[in-house]
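Asks: sequence unknown, structure follows:
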């Protein structure tokens, strides 16, 4: 999956992380929301970014049909280990979660959470990416840390 970023660069989600996220599609009424973080790299001498990996739901995450709250401590451990093992080339790029709808749209709570992440977390870029996996479509939003603006990208 490739989308165009605000700065005209590309954001590519490789097949492996995309496949992991799609394992959790809420296509049955008993499936709970799932989510995690996006990890990847900035491509040297370009404006492109590649998501190479995502975390999956972990013990300590709060999951229900219409809610996902990730465990900060466990997911952060994965982020930190990936950063160290890659010698600083694997970065935290954003968040993903599922919605039990065909064409997902962020809830008011999603937007509030994303703005809080943009304003309080430390990360290596001006932008973070927020993926919602729906039943029929996966959609991506770009959050701007400086402006605290969030917009859908295609």
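Replies: Yep, that arrived. Treat the numbers as computed from the prediction; the structure is a model and nothing was measured. Residues are numbered from 1 along each chain as shown.

Asks: going by C-alpha atoms from here, please, whenever you check contacts or count neighbours.
Replies: Noted.

Asks: where do the strands sit along this structure?
Replies: Taking DSSP state E as the test, the strands found in the chain are 2-4, 10-13, 35-42, 49-54, 62-64, 67-69, 91-98, 127-133, 138-144, 149-153.

Asks: got the contact list for residue 89?
Replies: 40-42, 83 (C-alpha atoms under 8 Å, 6 or more residues apart in numbering).

Asks: repeat that for residue 2.
Replies: Per C-alpha under 8 Å, 6+ apart, neighbours of residue 2: 10-13.

Asks: go again with 10 Å.
Replies: By C-alpha atoms under 10 Å, 6 or more residues apart in numbering, the contact set of residue 2 is 10-14, 49-50, 154.

Asks: buried among those? Need that as a selection in PyMOL.
Replies: A single PyMOL command selects the buried members of the contacts of residue 2 (16 or more other C-alpha atoms under 10 Å):
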select buried, resi 10+11+12+13+49+50
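
Asks: picking up where we left off before, could I get the strands of the chain as a markdown table with mean pLDDT and distance to residue 112?
Replies: Below are the strands of the chain laid out as a markdown table (pLDDT from 0 to 100; distance: least, C-alpha to C-alpha, whole Å):
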| stretch | mean pLDDT | distance to residue 112 |
| --- | --- | --- |
| strand 2-4 | 96 | 23 |
| strand 10-13 | 98 | 23 |
| strand 35-42 | 98 | 17 |
| strand 49-54 | 97 | 22 |
| strand 62-64 | 97 | 17 |
| strand 67-69 | 96 | 13 |
| strand 91-98 | 97 | 13 |
| strand 127-133 | 98 | 12 |
| strand 138-144 | 97 | 12 |
| strand 149-153 | 96 | 10 |
